[in-house]
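Undergrad: Quick one, structure for this:
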Amino acid sequence: MRNWSDIIFSDELSFEEKARQVFEYQVEQNPVYRRYCKALDSGIPKAMEKDVSAAPLLPLKAFKDAEVTTRPPAKADLVFKSSGTSGMKRSVHYVADAGLYEQSLLKGFRRFYPLERSVIWGYTPGYAENPHSSLIYMIRTLVDRDSTGLSRFLPLGESLDEDAIRVIVERGKQLILFGAAFGLLDLLEMDQTPLPSNSIVIETGGMKTHRREISRDRLHQRLANGFGLDASRVHSEYGMAELLSQAYASGGKWFKTVPWMRVTVRNSGDPDEVLPPYEEGLLGIIDLANVYSCPFLLTGDRGIMDSKGRFRVLGRWNPKDLRGCNFLIDED
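TA: Model prediction:
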């Protein structure tokens with residue numbers, strides 16, 4: 001029996017080598033993904049020998065319509081469900097190995113942020129009502145790594161505690177404030193409490209508020225102004241209930257992935273086609289930490305790649321929103 005943790009996070013194996021092993025396992029053990037591959041093309045394994053992007057990408061909708069897992073759902077360590085309004089059919093992600101997920105989360109976070117020197121605050125209105133929220137679990141896992149007791153979820157409907165902020169500064173810690181866009185804006189509407197200049201605010205999406213939709217550029221500017229920070233201190237996290245790895249945009253618009261995750265942009269009319277840099281399409285993801293569910297996924301998000309392999313999220317997919325080929329924008 002393979003130790004997937006050793007394979008996925010190995011520095012000795014290439015991403016391609018890991019992805020081929022995971023693909024073989026998926027075809028053998030994942031009934032949903034196996035049926036999907038057979039329905040598309042029997043020549044896929046041969047194509048995978050040359051390019052791992054030849055692996056079929058399962059639409060995320062499958063997590064709403066089927067039990068996408070290689071192990072019995074009843075034996076899952078965790079169950080994540082996507083957010084949604086009452087009565088809406090939600091995605092269900094059966095997480096067979098909580099330990100592997102936490103490795104992905106913590107190893108990934110430490111690649112971007114100094115977790116041991118940080119205090120994590122989470123403000124999550126709207127998510128607190130979802131006992132299966134992957135965002136709540138993620139923040140709680142980060143909070144639990146802080147032995148000082150300063151990390152926590154903030155009480156909903158209350159402004160930031162200036163005394164608590166002062167203690168963080170006195171302890172020589174860096175504050176990292178996590179929250180969905182609408183929650184962070186709500187915090188600022190209650191009281192615009194300035195944060196220490198070395199603080200980082202990480203918005204986790206949720207651009208459509210109960211008031212109106214807001215662009216990411218405008219959101220970041222409002223957050224920077226409201227918390228008294230330089231715009232470079234406002235970051236973004238890209239994740240979802242169907243993924244066990246996260247990508248981060250540190251002070252800019254371009255997301256970077258962890259080594260066991262790869263993002264490509266696909267032709268919406270032919271998802272097998274990987275588009276060149278700056279051409280707009282659907283975001284495709286290979287998240288090897290999803291080894292027990294499905295790592296090869298086609299999202300419903302619109303995006304582009306740059307020449308450095310970073311990606312940008314441009315919103316949910318709508319063919320009417322396409323701006324044509326070679327969607328060139330300035331790099332930062």
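
Undergrad: Regarding the closest residue to residue 76 other than its chain neighbours, which helix or strand does it belong to?
TA: Using Cβ to Cβ, 6 or more residues apart in numbering and skipping the chain neighbours, the partner closest in space to residue 76 is residue 94 (4.0 Å). (Each C-beta comes from the backbone N, C-alpha and C, glycine too.) Using DSSP states H and E, residue 94 maps to strand 92-95.

Undergrad: Paired strands for that strand, with orientation please.
TA: strand 78-81 (antiparallel) (DSSP bridges).

Undergrad: Buried residues in the partner strand, which are they?
TA: 78, 80-81 (16 or more other Cβ atoms under 10 Å).

Undergrad: ok, now stretch 149-162?
TA: Here stretch 149-162 shows 150-151, 153-154, 160 as buried, counting by 16+ other Cβ under 10 Å.

Undergrad: among those residues, which two are most distant?
TA: Farthest pair in the buried residues of stretch 149-162 (Cβ to Cβ) is 151 and 160. Separation: 14.4 Å.

Undergrad: so where's the stretch 1-150 of the chain shaky on pLDDT?
TA: 42-43, 45-47, 84-87, 128 (pLDDT under 70).

Undergrad: quick one, helices of it?
TA: 4-8, 15-29, 31-40, 44-48, 62-65, 98-110, 134-144 (DSSP state H, counting those that start in this stretch).

Undergrad: Compute the inter-axis angle for the last one and helix 98-110.
TA: Meaning helix 134-144. Counting by axes from the mean of the first three to the mean of the last three Cα atoms, to 10 degrees, helix 134-144 lies at 70 degrees to helix 98-110.

Undergrad: Also the third one?
TA: When the same axes, to 10 degrees is applied, the directions of helix 31-40 and helix 98-110 differ by 70 degrees.

Undergrad: Tell me where the longest strand sits in the protein.
TA: strand 296-305 (DSSP state E).

Undergrad: Read off the pLDDT value for the residue positioned nearest the centre of the chain.
TA: In the chain, the centroid-proximal residue (Cα atoms, centre = their mean) is residue 239; its distance is 1.4 Å. We have a pLDDT of 95 for residue 239.

Undergrad: dump the residue contacts of it.
TA: 134-135, 138, 204, 245-247 (Cβ atoms under 8 Å, 6 or more residues apart in numbering).

Undergrad: how about the closest residue to residue 173 other than its chain neighbours, what does it touch?
TA: Residue nearest to residue 173 in three dimensions, not counting chain neighbours: residue 119, with 4.7 Å by Cβ to Cβ, 6+ apart. Shown in contact with residue 119 (Cβ under 8 Å, 6+ apart): 146, 148, 150-151, 168, 171, 173-176.

Undergrad: If anything else comes up later, I'll come back, but that's it for now.
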